[in-house]
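[1] just need the structure, nothing else, for what follows:
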Amino acid sequence: GGKKKGGEVKEVTVASKQRQKNKYVCMVRGLEKFDVKLPDACKIFKKKFSCGASVVETADNREEIEIQGNVKDDIVPLIVKELGVAKECIFYLEGTGAKVTKVPA
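    Numbers count the residues shown, from 1 in each chain. Have a look, this model is predicted:
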């Protein structure tokens, strides 16, 4: 491994956004800080939720997992159980635009 960057907060954020009338996409970011390989996590999510999931690069050159469907409430226990991330490190992003608030899972 390389050098660990100091001062970077280790947390996973889960956000859900509406795609069409009743279609949702759930975004999970920050898993790589917990030494989780994103393609492997993606595979777990696909199997568990029986839906499409992909690793997407964001505008700020970071990667996040995009899961089809509104799985926001079911994904936290799965991240804790399968990927070994502490529940205290997982946050929901509520709201849109400038009014985004972090809510502990």
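[2] regarding residue 74, what is its secondary structure?
    Using DSSP: H, G, I helix; E, B strand; the rest coil, the structure places residue 74 in helix.
[3] same check on residue 33?
    Recorded secondary structure, residue 33: helix (three-state DSSP).
[4] cool, and residue 92?
    With three-state DSSP as the basis, residue 92 sits in strand.
[5] where exactly do the strands run in this structure?
    Using DSSP state E, the strands of the chain run over residues 12-18, 24-29, 53-57, 63-68, 90-94, 101-104.
[6] could you dump those to a markdown table with mean neighbour count?
    Any C-beta I mention is one placed from the backbone N, CA and C, and that applies to glycine too. Formatted as a markdown table, those follow (neighbours: other Cβ atoms under 10 Å):
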| stretch | mean neighbour count |
| --- | --- |
| strand 12-18 | 18 |
| strand 24-29 | 20 |
| strand 53-57 | 15 |
| strand 63-68 | 19 |
| strand 90-94 | 17 |
| strand 101-104 | 10 |
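[7] if we compare these, which one ends up closest to residue 37?
    When the strands of the chain are compared by Cβ to Cβ, strand 53-57 sits nearest residue 37, at 9.7 Å.
[8] by contact count, what packs against the closest one?
    Helices and strands touching strand 53-57, by 3 or more Cβ pairs under 8 Å, 6 or more residues apart in numbering; DSSP states H and E, are helix 38-49, strand 63-68.
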